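>>> Can you look at this prediction? I've put the sequence above it.
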Amino acid sequence: MPIKVNGEDRIVPAGLNIRQLLAHLGLDSGRVAVELNREIVRKPDWESTAVESGASLEIVTFVGGGSR
């Protein structure tokens, strides 16, 4: 099904929830924040939040900083 991830068109399997989508995209679910259709989705809600055809997601990966 077609969705948009960080501004890029993607085709992903139908029926995925947020956690499954992150795994499909090869992203570490422990280090990301997800916005679905302009609303932040809290991590406890990822299992119950379906990704539907035409959805727009912004996925931000957190990266650790260096030392001073």
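Perfect, I can see it now. Residues are numbered from 1 along each chain as shown.
>>> ok, how many other residues are close to residue 1?
Counted by other Cβ atoms under 10 Å, the residues lying close to residue 1 total 14. For the C-beta atoms, the positions are set from N, CA and C on the backbone; glycine is no exception.
>>> Can you check the distance spanned by stretch 37-45, start to finish?
End-to-end distance for stretch 37-45, by Cα to Cα, to the nearest Å: 15 Å.
>>> where in this protein is pLDDT low?
Residue ranges of the chain with pLDDT under 70: 65-68.
>>> for it, what spans make up the strands?
In the chain, the segments counted as strands under DSSP state E are 2-5, 8-11, 32-36, 39-41, 56-61.
>>> so can I have CSV of these showing distance to residue 25?
Output for the strands of the chain, formatted as CSV (distance: least, Cβ to Cβ, whole Å):
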stretch, distance to residue 25
strand 2-5, 7
strand 8-11, 8
strand 32-36, 10
strand 39-41, 15
strand 56-61, 8
